[in-house]
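Visitor: Quick one, what's the 3D model for this:
(one chain, ligands or ions: 2)
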Amino acid sequence: MPPMLPATAPFADEHIAALNRVISVTTPEQRAWLSGYLAGIQAANDPGAAAPAAPPAKRAPLTILFGTESGNAESLAAQARKVAAKLGFAPKVIDMADFTPAQAAATENLLIVASTWGEGDPPQRAVDFYEALMADDAPRFEKTRFAVLALGDRAYAQFCEIGRKIDERLAALGGARITDRIDCDLDFETPASGWIDSTLERLNAEVGVKDASASVIHVDFARPGAEAPTRARPFEAEVTEHVRLTGSRSTSDTHHVAVSLEGSGIAYEPGDSLGVVPSNDPALVNAVLQAAGLSGNDTLLGALTDRLDITTLTGKQIEDFARETGIQAPPIDWAAGRQIIDLLELAPGRLSAEQLTALLRPLPPRYYSIASSRKAVGEEAHLLVAGLRYTSHGRARTGVASLDITARHREGDKLKVFLRPNPHFRLPGDNDRPIIMVGPGTGVAPFRGFLQEREAAGAGGRNWLVFGHRNYTHDFLYQLELQDWLKSSLLTRLDVAFSRDQPEKRYVQNTLWESRSDLYAWLKDGAALYVCGDANAMAKDVHTTLLRIIADQGRRDEAGAKAELDSIRRDGRYLRDVY
Ligand SMILES: Cc1cc2nc3c(=O)[nH]c(=O)nc-3n(C[C@H](O)[C@H](O)[C@H](O)COP(=O)(O)OP(=O)(O)OC[C@H]3O[C@@H](n4cnc5c(N)ncnc54)[C@H](O)[C@@H]3O)c2cc1C
Ligand SMILES: Cc1cc2nc3c(=O)[nH]c(=O)nc-3n(C[C@H](O)[C@H](O)[C@H](O)COP(=O)(O)O)c2cc1C
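Guide: Ligands and ions are numbered 1, 2, ... in the order given. From the prediction side, this is the model:
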């Protein structure tokens, strides 16, 4: 049996698994060649980097548990693992989806990174862990030292709710806090990094190896300049194609946008998203400067255009503004549907440039599902972007990134992008497994990537797409391609629901219900079911409909249907990417 990499090796879990798969089929000669080759390259590039280490001293175990929907908590967990490994811990990063509270209670040192979704809900793959932790029969954590890093967005009423509840629960169950919890807003990088460093240093002072350098082989294989683009250092991708897909009489404004990733080093998989670093609408920037009485300040104009969030309005900003200007703060629910401009207009011209800058949050990136497969389009990524326009409190408003992409970028312009991998929303490894894709509106985007990938791979599995929008004539996104795929039998089945084509509203969940016997049969055949698109209404209604279908077709009561859907989800066959 060839040697395998241990779980503590300084790689992501999926990389350890991938390396072990390769190692498992190597001969001793191949392994000797590989280790000599890598060591030789490393020594030639940086002779000091890979000095042989002394035999390891006993390293303190550290479990880093993350609960994530869109990957931020996972990347912070990976960052914490690196810091911990440097300090001499034996760190292990684990997804809440693969862990139970009983296993967590058996750990000595536990770092938790958890985000909040929906309206104060746990990320979907963390639901089982979270519910079991909150249950009456949850285990005691008396053996465990812990600390919680909570991720959230201050624009939501239940800010960092899940991190807060986990932190309180662990303390109530007898766990000892290493340090106080930190609640991070969307600009989490700097505060989270500082917290990770100080928390692990504190833990190290209590339980760690005293001379970490004597026990840890620290080899950094990254070559300078070879790093992938990040939100702080995005890639400037040229827009190579820009087509409005919805008809001129549509009530929505959805565009197909192709960008070139040539030279970016971005190697995406279908299911991943691209992060887009947007600029604000110049007209709104001017209106904000005017309301603040700061027009003509060019430095501020630059910051408001590219760096600061001038649309979201949080309760904290209302409090800060009231304090700075001496006005009576409006009640917290006043913020709903309003933006910074509405706040500034309550007391125009009362802030200095410094006060305005301090009031505003950094401008966060937005994410767009990649609607292509590299196997089909090479070094391009395709996006499907719906321009957001609405009116609230009498003012016409637009979405920052969606309008920046659809209205202010043309072919030849550059869009700042970086990759957001989504390893939990992937095609099945088995090309013969059937898949059901529920993707109304822009939710169809990743499924176009899935279908391109399956076509290029010659995958034999059946593919069923359920698409929905408002109107057949104006809103059938990628209609010709989908119909061609139906003709070529890549799509085994295409069901559509257009809500406004008949007097009564019709949605994807109605289609699913009507097809319930086929849908259940596909699930029984091992199909993986994917849902992408609107989180607030669609994903919830589809979920409820799936429970009804299982109850009806499997002749189960409510609890039995829930148990069956939970088991499909645990099998990795019910996957959602909803926003
Ligand atoms: C993983 C992921 C994948 C995604 N994929 C796609 C995709 O493929 N295609 C796509 O188009 N989008 C996608 N999105 C959504 C996308 O990231 C943006 O959220 C969306 O484009 C809006 O961003 P914006 O900057 O234009 O709007 P923002 O400036 O962020 O404005 C949005 C805000 O406007 C407010 N608002 C919106 N409508 C109203 C209303 N009627 N009344 C009052 N207030 C309102 C709400 O506060 C809302 O949060 C995805 C999101 C995620 C997380
Ligand atoms: C649809 C949606 C709902 C969200 N709901 C909340 C919420 O209720 N409370 C909160 O603090 N943050 C909320 N957030 C913000 C996320 O917690 C935040 O983006 C976090 O960084 C995501 O981390 P993750 O990538 O690890 O899941 C929400 C974000 C989205 C897109």
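
Visitor: what's the closest non-adjacent residue to the residue of the chain found nearest ligand 2?
Guide: For the chain, the residue closest to ligand 2 is residue 152, as judged by CB to the nearest ligand atom, at 2.2 Å. For every residue, glycine as well, the C-beta is placed using N, CA and C. Distance criterion CB to CB, 6 or more residues apart in numbering; nearest residue to residue 152, sequence neighbours excluded, is residue 160 at 3.7 Å.

Visitor: Dihedrals phi and psi, the one you found?
Guide: phi 50, psi 30 (degrees, to the nearest 10).

Visitor: how far does the strand ranked longest in the chain sit from the chain's center?
Guide: Ranked by residue count, the top strand of the chain under DSSP state E comes out as strand 235-244. Relative to the chain's own centre, strand 235-244 is displaced by 22 Å; criterion: CA atoms, centre = their mean, to the nearest Å.

Visitor: Can you dump the C-alpha atoms of that strand in CSV for me?
Guide: Provided in CSV are the C-alpha atoms of strand 235-244 (Å, rounded to 0.1, in the frame of the first residue of the first chain):
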residue,chain,number,x,y,z
PHE,A,235,-8.4,40.4,-12.9
GLU,A,236,-9.3,43.0,-15.6
ALA,A,237,-11.3,40.8,-18.0
GLU,A,238,-12.2,42.2,-21.4
VAL,A,239,-15.9,42.0,-22.3
THR,A,240,-16.0,40.0,-25.6
GLU,A,241,-19.7,39.7,-26.1
HIS,A,242,-22.7,41.6,-24.7
VAL,A,243,-26.2,40.6,-25.8
ARG,A,244,-29.5,41.5,-24.3
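
Visitor: how many other residues sit next to the residue nearest to residue 152?
Guide: Applying other CB atoms under 10 Å, we find 25 other residues in the vicinity of residue 160.

Visitor: The one 10 residues further on too?
Guide: Counted by other CB under 10 Å, the residues lying close to residue 170 total 25.

Visitor: ok, now residue 37?
Guide: Counted with other CB under 10 Å, residue 37 comes out at 10.

Visitor: A helix includes it, no?
Guide: Yes. Counting by DSSP: H, G, I helix; E, B strand; the rest coil, residue 37 is part of a helix.

Visitor: remind me which residues of the stretch 101-250 of the chain are low pLDDT?
Guide: 209-226 (pLDDT under 70).

Visitor: how much space between residue 454 and residue 463?
Guide: 6 Å (CB to CB, to the nearest Å).

Visitor: can you list residues touching both of the two?
Guide: residue 490 (CB atoms under 8 Å, 6 or more residues apart in numbering).

Visitor: Name the residues of the stretch 451-579 of the chain found near ligand 2, please.
Guide: Residues of the stretch 451-579 of the chain that fall close to ligand 2, judged by CB under 6 Å from any ligand atom: 535, 579.

Visitor: hang on, the earlier thing: contact partners of the longest strand of the chain?
Guide: By CB under 8 Å, 6+ apart, strand 235-244 touches 229, 253-261, 264-266, 380-382, 406, 409-418.

Visitor: Let's see which of these end up in helices.
Guide: residue 406 (DSSP state H).

Visitor: List the contacts of residue 272.
Guide: Here residue 272 is in contact with 369, 370, 419, 420, 421, 422 (CB under 8 Å, 6+ apart).

Visitor: Would you mind measuring from the fifth one to residue 162?
Guide: Going back to what we said before, that points to residue 421. 22 Å.

Visitor: do the third one as well
Guide: Distance, residue 419 to residue 162, by CB to CB: 26 Å.

Visitor: and if you look at the first one?
Guide: Summarising the geometry, the distance separating residue 369 from residue 162, computed by CB to CB, is 24 Å.

Visitor: higher neighbour count, those two?
Guide: Counted by other CB under 10 Å, residue 369 and residue 162 do not tie: residue 369 has more neighbours, with 29 against 25.

Visitor: name the element the more buried one belongs to?
Guide: Residue 369 belongs to strand 366-369 when elements are defined using DSSP states H and E.

Visitor: Which positions in the helix or strand that comes right after that strand come out as buried?
Guide: As assigned by DSSP H and E, the chain's next helix or strand after strand 366-369 is helix 374-377. Going by neighbour count (16 or more other CB atoms under 10 Å), the buried part of helix 374-377 is 374, 376, 377.

Visitor: Now for the first one: which residues touch it?
Guide: Spelled out, that is residue 374. 267, 268.

Visitor: got the residues of the stretch 1-150 of the chain near ligand 1?
Guide: Near ligand 1, when you scan the stretch 1-150 of the chain using CB under 6 Å from any ligand atom, you find residue 70.

Visitor: can you map out the strands along the stretch 1-150 of the chain?
Guide: For the stretch 1-150 of the chain, the strands defined by DSSP state E, counting those that start in this stretch occupy 61-67, 90-95, 109-115, 145-151.

Visitor: List the contacts of the second one.
Guide: Counting by CB under 8 Å, 6+ apart, the neighbours of strand 90-95 from elsewhere in the structure are 7-8, 12-13, 59-68, 74, 77-78, 80-81, 84-85, 125.

Visitor: What is the host helix or strand of residue 451 packed up against?
Guide: Secondary structure assignment for residue 451, by DSSP H and E: helix 445-457. Helices and strands touching helix 445-457, by 3 or more CB pairs under 8 Å, 6 or more residues apart in numbering; DSSP states H and E, are strand 366-369, helix 374-377, strand 380-386, strand 435-438, strand 463-469, helix 479-487, strand 528-533.

Visitor: hmm, 6 Å instead?
Guide: helix 374-377 (3 or more CB pairs under 6 Å, 6 or more residues apart in numbering; DSSP states H and E).
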